[in-house]
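Chemist: Have a look at this prediction, sequence included:
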Amino acid sequence: MGVVLLISFLAPLLVIAVFSVMPQKVFSLLHLPDFSSYKLVFTQGYIKSVVWSFGMALASTVMLFVICWPLAFGMAKVFKGFGLFITIAVVVTLFVSENIRLFGWVLTLMKGGLIEGHLRAWTGLTFEGALYNVPVIVFGLVYAYFPFMLFPLIQGIAMVPDDARQAAADLGASRWQIFYEVDLPLSAPGIVIGSLLSFVLAAGAMAESKLLGGQTVIVIADEIETAFTYGQNWPLGSALSIILILIIGALSIFGINRVNLDLIMGGRRS
Amino acid sequence: MSPEPILRLEGVSKYFGEFTALDNINLEIDEGEFLTIVGPSGSGKTTLIRILVGIEELSKGKIWLRDKRIEEMPANLRPTCMVFQSLALFPHRSVGENIEFPLKLRKQRPDDRKARAFELLDLLHLPRSFYQKRISECSGGERQRVALARALAFDPEILFFDEPLSALDFRLRKNLEKELKDLHQRTGKTFVYITHSLEEAMVMSDRIAIMRSGHFEQIAVADEIYARPISRFVAEFMGEVNLFSVKGDVSGNLVGTEIDIQTGRVGPDSAMRLGQGASATLMVRPESVHFLSEDSAADFVVGGVLQAEYALGSRTQYKIQADNGDELAVEKLREDRFPGKIGDRVRLGWNAEYAHMIMEE
Amino acid sequence: MKMSRSARIALTLYGVLAILFLYLPIISVGFASVSKARYLTFPIKRYATKWYGKAIESSTVQDLLWTSLSVALLVTVISMVVGFFGALAFARYQWRFRGVFQKLILLPIFFPQAVLGLALLLWFNALGIIPTWKTAVVAHLVWISPIATLIIAIRAYSFDPSLEEAARDMGASTWIVMKEITGPLLWPGVVSAGLFAFLLSWGNFPLSLFTTGADSTLPEWLYAKMVSGYSPLVPSVGILSIVTSIVLLLSGVIVMWFIRARSETSNAR
């Protein structure tokens, strides 16, 4: 298992790392390394894409936390059968290709789409569709990574013992104080995993900005794809990938290390 | 006729890194006896039993089953069997399939297996209809019986128990303790039982071994451990006890700084005495201490003030603040209750035959 | 925690809204797929199922379906096996590098899939392997088998280690313990992991994009058509793909139900 992981996951990363220091526009690893790709990254405005990607990822993660918390709380502590229903409903959407769902939003939000079309037909009012701007990309990210925040949060909140909340209430804590003093720290592992997952996935996402955002902003994943396909510049694409990988990898390792995996997955404390 | 030891341990040790869980354990278990190993949590009793069963490996030492060395033998080849604390009943199998599991492993014919399973259900007072029941449908007590039946189906040379009764409520536990003792007598098998509950040990066992941080403190029959513990640890572990420091004087008589001593010797036949200058701990159980009237005498006498009274059901316990500051416990049967009230001055006394000396250090 | 009735109702409403939010785009695609017009606008004036007919007849779509199906089936089978043993290593057995293993296994899940796909493409290139749908299987596995491992691990965490010890104590060999105790107890987890594996592979786009070479899966084709050269077949093919998922999900649930029913009757025997 470990060996398989090594060959299929770590080795490819190594290849990318080596490619990133090759001279421009070569297609093999048999060249003397120069660091021209990195120079290009820092001088040709690629950093802007990196900033956009991580900025939008941050925005969507914060929104996801705010949106998912009440629902996760309901599912972990309040709902019974209805909670299972929501779980199944959310999981099923995961099985529908992300592209189709985003395409569905295009059909919903475009001029002449589900919302604008019906609005015009019924009231005569019209507007220019809601597509092709930055907020709709963030909206798309929130939509696409909703389950990745929701389920870890549920798991985290389920780890908060009811009697700790009751004791806090009994000792005179307000609803907000219970949230801040009990729920938040005790469900921290779920929050860490959920935020980390949605942040890193959103930072590396591409379909949302392409399908919903048009050409409003170019995200880093998009730049990488372009460098590899139209640009035919593998070293540049690799250098961009390495930057993305380094940031995401550092965040993931930091996050995963802070969480007791046995505990969050329902193991016993031993 | 002295029974042969069925299991013999020599220098068994277990280390977890720096930590010594078992320290050079020696033990002989007789064929057919009911031995209970008692100790507080962390004393190493679970580690010991897991080594005896073969689930855990020992770090050092030898184990003989009759005349065969077994310490290297894996659990599945040892002819012994354990009832787990969690019972470890297979949730995906019915009661019948659970009981038949060891027989199926031995490739017995289904008819024979079923017949044996029915016998065992009868033996454990479970209705035969339980054969088809799911484990999840059984109550706590029923599960205990199923687990026992499964272990007996294995027909082990020695049956080990890892605190299987600890999760049950009081009444059920009391009943099962007695049933287990009966079962031991009926089957004639060797039972080795571990628990942290002293009462459980007293009810069931032929011998009790008291364990403390990786070694045996004392191994003896229940009465001996209760009346003549060899250390303060055992004395205190085996229930309420009053302890006093004493010394031997020039002529070998006892002197206490706290109590009025009339005799130099202690024990049922006045067998124990201290050498000159030696020190020891004098022990007396609360039920052996009496409230003395002004004119009566006893071998040992202490004065104090009655502080509190606790009803324990069939008995009543009194807490007395002795004149030297110690707290003493006295227990009387309900019908022999002391007539005084809290705050009264009292004189306590007991006789040498109920006293015991612990010669530690 | 005692909750007021109004708070409970508000939360329930919120849940309903969330589900609507998740399903609204899929509903839009559904409507679009039955619109008769070549260039779609809402509200839809005339309904027709002709695009479904066209989609099913199209040999391109048939090829796409076949490729997607082959990839997904292979991924399912392999990740069930890998996940089973991976989960035991993840959750059940105490071994020296378990902590490292647990973290390594999570990394591919946290990784941007497009970058993962690219990295694999470069790796295949360096090894001299020409990408086809078979290399896509490998790519999918790098991402999906850790997920399968986690799903089975959750199941593995929930069972009492003394069950295995007890079986061993009663004389069962390692193989028998696996067959009689560990296997049956983990089986529901393995089935749901298989279901997840299939569906995730079936819908995956970013990994396939770089690793299928000249072959193409359904999501890849859909994306290409969405970004450039829109075809009225897109909504209906999309819906067909969703229907396939649902059919599979349902049959998976039925299989699980059947397994449970069978184990109950075998107990009652």
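Modeler: Sure, I can see it. Numbers count the residues shown, from 1 in each chain, chains lettered A, B, ... in the order given.
Chemist: Any regions of chain A where pLDDT drops low?
Modeler: Scanning chain A for pLDDT under 70 picks out A:1-6, A:129, A:264, A:266-270.
Chemist: in the stretch 101-250 of chain C, which segments are predicted with low confidence?
Modeler: Checking the stretch 101-250 of chain C against pLDDT under 70 turns up C:229.
Chemist: Quick check: the gap between the closest residue to chain A within the stretch 101-250 of chain B and chain C.
Modeler: In the stretch 101-250 of chain B, the residue that lies nearest chain A is B:Ala167 (15.4 Å; CB to the nearest CB). (C-beta placed from N, C-alpha, C; glycine too.) Counting by CB to the nearest CB, to the nearest Å, the gap from B:Ala167 to chain C is 13 Å.
Chemist: list the contacts for B:His356?
Modeler: Listed by CB atoms under 8 Å, 6 or more residues apart in numbering or on different chains, the contact set of B:His356 reads B:227-229, B:266-267, B:272, B:282-284.
Chemist: picking that back up, B:Ala147 versus the residue of the stretch 101-250 of chain B closest to chain A, what's the distance?
Modeler: 12 Å (CB to CB, to the nearest Å).
Chemist: Who has more neighbours out of the two?
Modeler: The neighbour count for B:Ala167 versus B:Ala147, taken as other CB atoms under 10 Å in any protein chain shown, is higher for B:Ala147 (24 against 14).
Chemist: For that one, give me its contacts.
Modeler: Per CB under 8 Å, 6+ apart, neighbours of B:Ala147: B:83-84, B:87-89, B:164.
Chemist: burial of the closest residue to C:Arg8 other than its chain neighbours, as a residue count?
Modeler: Among residues not flanking C:Arg8 along the chain, A:Val78 sits closest, at 6.2 Å (CB to CB, 6 or more residues apart in numbering or on different chains). Using other CB under 10 Å, A:Val78 has 17 other residues around it.
Chemist: again, but for B:Arg145
Modeler: When neighbours are defined as other CB under 10 Å, B:Arg145 has 22 of them.
Chemist: dump the residue contacts of it.
Modeler: Applying CB under 8 Å, 6+ apart, we find B:Arg145 in contact with B:124-126.
Chemist: what helix or strand does it sit in?
Modeler: helix B:140-153 (DSSP states H and E).
Chemist: Okay, now the sheet partners of the helix or strand that comes right after that helix, with direction.
Modeler: Sequence order places strand B:158-162 as the next helix or strand after helix B:140-153, per DSSP H and E. Note on strand B:158-162: by DSSP bridges, its sheet partners are strand B:80-83 (parallel), strand B:190-195 (parallel).
Chemist: what's the burial count for B:Asp182?
Modeler: Neighbours around B:Asp182, by other CB under 10 Å: 10.
Chemist: pLDDT below threshold where in the stretch 101-250 of chain B?
Modeler: Looking at the stretch 101-250 of chain B by pLDDT under 70, you get B:250.
Chemist: For it, what lies in contact range of chain C?
Modeler: B:101-102, B:105-106, B:132, B:134, B:150, B:154 (CB under 8 Å from any CB of the partner chain).
Chemist: who touches the nearest residue to C:Val138 once chain neighbours are set aside in this structure?
Modeler: Counting by CB to CB, 6+ apart, A:Ser8 is the residue found nearest to C:Val138 once chain neighbours are left out, at 6.2 Å. Applying CB under 8 Å, 6+ apart, we find A:Ser8 in contact with C:120, C:138, C:141-142.
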